[in-house]
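Colleague: Fold the stuff below for me.
(one chain, ligands or ions: 2)
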Amino acid sequence: MAEARRIDGKAAAARIIENVTAETAALTAKTGTVPGLAVVIVGEDPASQVYVGSKAKTATACGFKSIKHELPAETSEATLLKVVRDLNEDAEVHGILVQLPLPEHVDEAKVIQTIDPDKDVDGFHLINVGRLSTGDTAAAFVPCTPAGSMLLIREVLGDDLSGKNAVVVGRSNIVGKPMAQLLLAANATVTIAHSRTKDLPGVCRGADILVAAVGRPEMLTGDYVKDGAVVIDVGINRIEAPEKGLKEDGTPKTKLVGDVNYEEAARKAAAITPVPGGVGPMTIAMLMANTLRSACRSAGIEAPKF
Ligand SMILES: NC(=O)C1=CN([C@@H]2O[C@H](COP(=O)(O)OP(=O)(O)OC[C@H]3O[C@@H](n4cnc5c(N)ncnc54)[C@H](OP(=O)(O)O)[C@@H]3O)[C@@H](O)[C@H]2O)C=CC1
Ligand SMILES: Nc1nc(=O)c2c([nH]1)NC[C@@H]1CN(c3ccc(C(=O)N[C@@H](CCC(=O)O)C(=O)O)cc3)C=[N+]21
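Modeller: Numbering: from 1, shown residues only. Ligands and ions are numbered 1, 2, ... in the order given. The predicted structure follows:
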């Protein structure tokens, strides 16, 4: 097979953000509403800091009000719940994102279920999970990473995935399961694979659409990919890259890789997302789209579609 098409998530995300920015200006001019996004981060994990910083920067560029709560790692569950409840009550806040994972001593589920479902722009609250799994994609906030992945799939295959076999590797609540729901809603025939799956390469080779959300650097080699498949690599893994030399502290420099071995998979796939520059930027773009939608709802006007 010829080399696969490289699906440019960075460019697709930039188009969405341009749209969100224009629609935000229109909303604000018409109703005075400024979409507000609150991001809450607990602890000093450097990777989380980078994502949160980039979310805040993009929100501001869209014309949103961006609110950042940085809490120390030892923050109690009660304090965090109070922060969330206050944001629920704040009329200037339309979207609340609590960066995951949370420290061990905090009950993650409890925090997520405390977020007002109408401000749950991550789509992790049970109400939104239920809406998505009953097929009410119009009312649900759809989790950003699967929603962004779906838009990239649609760029290549169109809206209707009838007759396509989709395999999602990974069954987490934040990526794998909602991804499978979206593919099912688009009429694909969906298999969810995970660490207990027998003959994972064989299962994956049955996929016309292969979504990798595993968290293991470059685990899916060429052997997992069917000729002509569309491959979506959700994985974000930072690994050592000795070929890039050493950092100032003498440790090797690092690089980002996905869950798919890009070089090998690209020799078989029809289209494939790179890491970085694939699903990651789409996640942030969809967060902005969800926040705008929430603000439109609260202003009582119809939200634009993406
Ligand atoms: N691009 C983006 O915006 C985002 C990227 N990510 C990235 O996506 C990846 C997945 O994230 P997330 O869903 O949160 O991760 P989780 O760790 O929650 O889930 C990983 C899943 O992969 C499965 N798995 C692990 N090892 C294997 C294996 N050897 N064979 C088959 N299946 C395996 C696990 O199976 P089991 O359930 O049996 O344990 C589990 O279902 C990570 O790299 C993460 O960094 C995450 C969020 C956003
Ligand atoms: N409540 C919550 N919601 C999330 O959506 C959420 C979360 N918690 N916890 C962590 C994961 C991870 N995540 C990413 C978002 C953007 C990129 C991204 O933009 N990546 C760039 C590269 C960035 C870099 O260079 O480090 C890219 O792939 O091109 C990656 C990962 C959102 N997450």
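Colleague: What residues does the chain have near ligand 1?
Modeller: 145, 169-172, 174-176, 194-197, 200, 213-216, 234-237, 259, 279-280, 283 (C-beta under 6 Å from any ligand atom). The C-beta positions use only the backbone N, C-alpha and C, and glycine is treated the same way.
Colleague: So among the residues you listed, which ones count as buried?
Modeller: In terms of neighbour count (16 or more other C-beta atoms under 10 Å), the buried residues within the residues of the chain next to ligand 1 are 145, 169-171, 174-176, 200, 213-214, 234-237, 259, 279-280, 283.
Colleague: Now do the helices in this structure.
Modeller: Assigned helices in the chain, in chain order: 9-31, 46-61, 77-89, 108-114, 126-133, 144-157, 176-185, 200-204, 262-266, 279-299 (criterion: DSSP state H).
Colleague: For those helices, give me CSV that also has distance to Leu220 and mean pLDDT.
Modeller: As requested, the helices of the chain are arranged in CSV below (distance: least, C-beta to C-beta, whole Å; pLDDT from 0 to 100):
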stretch, distance to Leu220, mean pLDDT
helix 9-31, 18, 98
helix 46-61, 22, 85
helix 77-89, 36, 98
helix 108-114, 28, 98
helix 126-133, 26, 97
helix 144-157, 15, 98
helix 176-185, 14, 97
helix 200-204, 7, 98
helix 262-266, 7, 98
helix 279-299, 14, 97
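Colleague: Most tightly packed of these?
Modeller: Highest mean neighbour count of these: helix 279-299, a mean of 24 (counted as mean count of other C-beta atoms under 10 Å).
Colleague: so how far is that helix off the chain centroid?
Modeller: Distance of helix 279-299 from its chain centroid, counting by C-alpha atoms, centre = their mean, to the nearest Å, is 11 Å.
Colleague: angle of that helix against helix 144-157?
Modeller: Angle, helix 279-299 to helix 144-157, by axes from the mean of the first three to the mean of the last three C-alpha atoms, to 10 degrees: 110 degrees.
Colleague: got the CA coordinates for helix 279-299 in CSV?
Modeller: What follows is the C-alpha trace of helix 279-299 in CSV, where atoms were taken according to Å, rounded to 0.1, in the frame of the first residue of the first chain:
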residue,chain,number,x,y,z
VAL,A,279,-6.3,13.9,18.6
GLY,A,280,-4.7,16.1,21.3
PRO,A,281,-5.4,19.5,19.7
MET,A,282,-8.9,18.3,18.8
THR,A,283,-9.6,17.6,22.5
ILE,A,284,-8.9,21.2,23.4
ALA,A,285,-11.0,22.4,20.4
MET,A,286,-14.0,20.3,21.5
LEU,A,287,-13.7,21.6,25.0
MET,A,288,-14.1,25.1,23.6
ALA,A,289,-17.1,24.0,21.5
ASN,A,290,-18.8,22.4,24.5
THR,A,291,-18.3,25.5,26.6
LEU,A,292,-19.7,27.7,23.9
ARG,A,293,-22.7,25.3,23.6
SER,A,294,-23.3,25.6,27.4
ALA,A,295,-23.1,29.4,27.2
CYS,A,296,-25.6,29.4,24.3
ARG,A,297,-28.0,27.2,26.2
SER,A,298,-27.8,29.5,29.2
ALA,A,299,-28.5,32.5,27.0
